[in-house]
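S.K.: Would you be able to build a 3D model of this:
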Amino acid sequence: MQQKIMVFNVQRYSTHDGDGIRTLVFYKGCPLRCRWCSNPESQSFGPSVLFDAGLCKHFGDCLSGFSHAISEDKEKGRRINRSAIQDAEGLRELCVAKALQVSGEIRSPLQLMEQVKKDLPFYQSNGGVTLSGGEPLAQGKDMVEFLHLLKAQKIPVNVESSLHVAWEKIERTIGLVDTYLADLKHLDAAKFSSHIGGDAELVRRNLIRLCESGAKVIVRVPVIPGFNHSTGEMEHLISFVAELEGMEEVHFLPFHRFGKNKYKMLDMADPMEGISSLDEDELLEYKLMAEGKGLRARIGG
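M.R.: Below you'll find the model as predicted:
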């Protein structure tokens with residue numbers, strides 16, 4: 001029986017998250033709640049309804065079709081009760097102005113393969129496919145089936161992951177993934193829990209085991225104001241990374257505000273409201289620190 005995958009975007013012609021020109025497949029669903037998440041629509045494992053008030057033309061199709069969940073307020077405009085929407089599929093093509101959008105679409109591994117194979121010429125020149133999210137390693141057997149299909153076509157594969165999953169979910173992908181882009185956010189348990197909602201020790205153990213397996217791993221550190229953007233915290237983190245078996249490369253990713261409008265569209269509070277993006281030169285100290293430990297380092301991914 002053909003497995004199914006929920007993705008919220010397939011981005012072609014990307015020049016980041018790996019070498020060359022890549023196709024990025026964004027899985028929906030994540031066990032963490034990073035305060036700086038730039039894709040908050042990726043967090044839930046089901047479809048998400050977004051509303052962009054700036055695009056609304058007030059045609060009224062949504063009011064008549066989903067009156068149980070969507071209403072009009074003279075002062076506040078369109079109001080959406082997302083908990084009252086049992087099946088978001090009916091909304092997908094309802095709004096011709098695209099003010100209402102549904103994020104998350106079911107695809108089979110074969111359907112995804114047909115899509116990524118359109119870019120095969122790029123993959124042969126050092127490009128490939130990167131699985132991102134959400135958290136791709138939190139997905140079911142469908143994700144592994146997709147990896148097998150990519151492997152059969154000799155398409156280079158990167159997986160971007162928080163490693164905040166059971167080890168078995170990582171282990172089943174070893175040998176099918178060319179490079180793991182492993183996010184390492186913090187080593188302090190209390191800070192990890194308060195800002196991310198997860199277990200720092202789980203990530204630490206998984207990263208050590210993955211490196212010991214012989215897999216190629218690049219550590220990526222999101223640098224976040226008020227969380228880990230300090231010399232002391234980075235010294236501690238970089239020292240840990242430098243001791244990992246076979247570790248050669250680390251990337252520092254500056255905090256940005258690209259996703260801030262999505263919080264409004266999802267009617268979610270933005271935990272980083274009022275916090276400014278970081279410039280790349282603010283991370284130069286960390287790059288030099290990593291290079292001093294014998295690591296290749298870059299700013300950006």
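S.K.: any low-confidence regions in the stretch 51-200 of the chain?
M.R.: Regions of the stretch 51-200 of the chain meeting the criterion pLDDT under 70 cover residues 75.
S.K.: where do the strands sit along it?
M.R.: Assigned strands in the stretch 51-200 of the chain, in chain order: 70-73, 77-80, 100-103, 105-107, 128-132, 157-161, 179-183 (criterion: DSSP state E, counting those that start in this stretch).
S.K.: Show me what the fifth one is packed up against.
M.R.: Spelled out, that is strand 128-132. Helices and strands touching strand 128-132, by 3 or more CB pairs under 8 Å, 6 or more residues apart in numbering; DSSP states H and E, are strand 22-27, helix 141-152, strand 157-161. C-beta: built from backbone N, CA, C; applies to glycine.
S.K.: out of the ones you listed, nearest to residue 10?
M.R.: Among the helices and strands packed on strand 128-132, the nearest to residue 10 by CB to CB is strand 22-27 (5.5 Å).
S.K.: Who are the packing partners of that closest one?
M.R.: strand 5-14, helix 109-116, strand 128-132.
S.K.: picking that back up, need the helices and strands packed on strand 128-132 in a markdown table with mean neighbour count, can you?
M.R.: Shown next, in a markdown table, are the helices and strands packed on strand 128-132 (neighbours: other CB atoms under 10 Å):
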| stretch | mean neighbour count |
| --- | --- |
| strand 22-27 | 24 |
| helix 141-152 | 18 |
| strand 157-161 | 25 |
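S.K.: could I get these as TSV with distance to residue 186?
M.R.: Listed next are the helices and strands packed on strand 128-132 as TSV, based on distance: least, CB to CB, whole Å:
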stretch	distance to residue 186
strand 22-27	23
helix 141-152	26
strand 157-161	16
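S.K.: And the ones you listed: which comes nearest residue 106?
M.R.: helix 141-152 (9.9 Å).
S.K.: Identify the residue nearest the geometric centre of the chain.
M.R.: residue 133 (3.3 Å; CA atoms, centre = their mean).
S.K.: Was I right to think it contacts residue 24?
M.R.: No: using CB atoms under 8 Å, residue 133 is not in contact with residue 24, being 10.1 Å away.
S.K.: Need the strands of the stretch 51-200 of the chain in TSV (columns: distance to residue 9).
M.R.: Listed next are those as TSV, based on distance: least, CB to CB, whole Å:
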stretch	distance to residue 9
strand 70-73	24
strand 77-80	21
strand 100-103	8
strand 105-107	9
strand 128-132	9
strand 157-161	13
strand 179-183	17
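S.K.: Which stretch among the ones you listed approaches residue 53 most closely?
M.R.: Nearest to residue 53 among the strands of the stretch 51-200 of the chain is strand 77-80 (5.8 Å), distances taken as CB to CB.
S.K.: elements contacting the closest one?
M.R.: strand 48-51, strand 70-73.
S.K.: related to what we said a few turns ago, once you drop chain neighbours, what's closest to the residue nearest to the centre of the chain?
M.R.: In this structure, residue 133 finds its nearest non-sequential neighbour in residue 27, 4.2 Å apart by CB to CB, 6 or more residues apart in numbering.
S.K.: and the one you found, what is it in contact with?
M.R.: 5-8, 42, 131-136, 138-139, 143 (CB atoms under 8 Å, 6 or more residues apart in numbering).
S.K.: The same query, at a cut-off of 6 Å, please.
M.R.: 7, 133-134, 136, 139 (CB atoms under 6 Å, 6 or more residues apart in numbering).
S.K.: do residue 187 as well
M.R.: residue 200.
S.K.: Can you give me the domain boundaries for this protein?
M.R.: Taking automatic domain parsing as the domain assignment, the ranges for the chain are 5-44+105-299, 48-103.
S.K.: ranking these by burial, who's on top?
M.R.: domain 5-44+105-299 (a mean of 18; mean count of other CB atoms under 10 Å).
S.K.: Apart from its chain neighbours, what residue comes closest to residue 123?
M.R.: With sequence-adjacent residues excluded and distances taken as CB to CB, 6+ apart, residue 123 is closest to residue 155, at 5.1 Å.
S.K.: ok, that neighbour to residue 182 distance?
M.R.: Going from residue 155 to residue 182 by CB to CB, to the nearest Å gives 21 Å.
S.K.: picking up where we left off before, looking at the helices and strands packed on strand 128-132, spot the one closest to residue 109.
M.R.: Using CB to CB, the helices and strands packed on strand 128-132 put helix 141-152 closest to residue 109, at 4.1 Å.
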